[in-house]
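J.: How does the following fold in three dimensions:
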Amino acid sequence: MPPAEQDTRQQIEAYLEADGLYSIVPIPAPLDVAVALEVCLPKIEPKTSEEELSRLSRLVVFHDLRPTAGAWDTLLQRLGDVPKSAAAIIALAWLGDEEQRLRAAAHYRNWLERADPDRDRPLAAEVCAALGPSVGTVDLKAWAEKAAENLARGNPGRNDELRMEMIRQFANLDIPEIERDFEVRAEIEKDGAIGRLAEIYCDAAPESHSAMIWWSAVTLNRLAKDAETRKEIVERFAAIARQHARAGEGEQEEADGIREAALRAASFFGFEPPMPDRIWLADREDHGALLLVLRPNWEYPAPHSHNH
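T.: This is a model prediction of the structure:
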């Protein structure tokens, strides 16, 4: 087995099995795409655990492994499990053709009827964000409001009041944030604003938060398939890194975080930073939190390693 093929197999297996209790489990990169498909496709089936399916979904979406869409579509039709179905819906939202995306959206509406408002709110928000502006937040908001109304009926106890408050907070704060994200995404998709995408990814924009950072990373990774666009992406990240090499008093830590994200992202897309930047990066510990980073030698924590 060629070394690159063996490395990809080992890296994906380690990623899927890694103990994530105390450690961030970064998506492996780079990958041999053909080998990645060989490893991933047999695992997209009902017996695979919820956590492993979730990681598989993130992996195939991040690397745009569209040949897995059929497997996710088949899986979705066979599943009744809410969390496992979420992984399939998210994958199809990014990778499916028009018919598959429509089926995923229809399944999502049925999925909400089975989802637990107490347990599944973050997952519901993630699924809604993946489906995007074309599906919108109407169904999600109706689901949350109905759950709050059900709790309000009769004579709710203290615990019910707390649950009701959390659900209403989700409806009144979290869902509007998704709606604002959709507006920003629509603007960027219309204008093709590479610079704005790069700033959001580096946590250097007002719109930056975890869901938008993920969306910008996946979007940039797809846009970079075009050679000219890839060159522009690299230039944007390199410019952001230069802008944050020096910061004002009390701002250096934040600036360093932005600079690191930009340099690692530029390198991810093929840029070789100047020697001073490489020396600076070498002194920065990689905590695994950034998405656009090449980590061919990342050591994934083994299952249950926190017990040793």
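
J.: so where do the helices sit in the stretch 101-250 of the chain?
T.: With DSSP state H, counting those that start in this stretch as the criterion, the stretch 101-250 of the chain has helices at 121-131, 138-152, 158-169, 175-191, 194-201, 210-223, 227-243.

J.: okay if I get those helices as a markdown table plus mean pLDDT, mean neighbour count and distance to residue 253?
T.: C-beta: built from backbone N, CA, C; applies to glycine. Output for those, formatted as a markdown table (pLDDT from 0 to 100; neighbours: other CB atoms under 10 Å; distance: least, CB to CB, whole Å):
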| stretch | mean pLDDT | mean neighbour count | distance to residue 253 |
| --- | --- | --- | --- |
| helix 121-131 | 96 | 22 | 28 |
| helix 138-152 | 92 | 18 | 36 |
| helix 158-169 | 89 | 14 | 31 |
| helix 175-191 | 94 | 15 | 26 |
| helix 194-201 | 96 | 22 | 18 |
| helix 210-223 | 97 | 19 | 18 |
| helix 227-243 | 96 | 18 | 16 |
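
J.: Rebuild the ones you listed as TSV, extending it with distance to residue 104.
T.: Output for the helices of the stretch 101-250 of the chain, formatted as TSV (distance: least, CB to CB, whole Å):
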stretch	distance to residue 104
helix 121-131	7
helix 138-152	13
helix 158-169	25
helix 175-191	17
helix 194-201	24
helix 210-223	16
helix 227-243	27
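
J.: can you give me the strands for the stretch 201-308 of the chain?
T.: Counting by DSSP state E, counting those that start in this stretch, the stretch 201-308 of the chain has no strands at all.

J.: Quick check, residue 108 in contact with residue 139.
T.: Yes: counting by CB atoms under 8 Å, residue 139 is a contact partner of residue 108 at 7.4 Å.

J.: Point out where the stretch 201-308 of the chain drops to low pLDDT.
T.: Within the stretch 201-308 of the chain, the ranges that satisfy pLDDT under 70 run 247-250, 304-308.

J.: Apply 80 and report the result again.
T.: 246-251, 302-308 (pLDDT under 80).

J.: So which residues make contact with stretch 235-254?
T.: 194-195, 198-199, 202, 204, 255-256, 258-259, 262-263, 265-266, 269, 271, 273, 277 (CB atoms under 8 Å, 6 or more residues apart in numbering).

J.: check contacts around residue 151.
T.: Taking CB under 8 Å, 6+ apart as the test, what residue 151 contacts is 160, 161, 163, 164, 167.

J.: ok, these vs residue 114, which is closest?
T.: residue 167 (16.3 Å; CB to CB).

J.: nearest spatial neighbour of the closest one, skipping sequence neighbours?
T.: Spatial nearest neighbour of residue 167, excluding adjacent residues (CB to CB, 6 or more residues apart in numbering): residue 148 at 4.6 Å.

J.: ok now do residue 234, which residues does it touch?
T.: 266, 269, 270, 271.

J.: mind redoing it with 6 Å?
T.: Taking CB atoms under 6 Å, 6 or more residues apart in numbering, we find residue 234 in contact with 266, 269, 271.

J.: Distance-wise, check the nearest residue to the first one once chain neighbours are set aside relative to residue 161.
T.: On the basis of CB to CB, 6+ apart, the spatially nearest residue to residue 266 that is not a chain neighbour turns out to be residue 237, at 3.8 Å. Relative to residue 161, residue 237 is positioned 48 Å away (criterion: CB to CB, to the nearest Å).

J.: Likewise for residue 135?
T.: 31 Å.

J.: In ChimeraX, select just the buried ones from the contacts of stretch 235-254.
T.: Filtering these down to the buried ones (16 or more other CB atoms under 10 Å) takes a single ChimeraX command:
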select :194,195,198,199,202,204,255,258,259,262,263,265,266,269,271,273,277
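
J.: Please, which helix or strand holds residue 91?
T.: Per DSSP states H and E: residue 91 is located in helix 82-95.

J.: Thanks a lot, catch you later.
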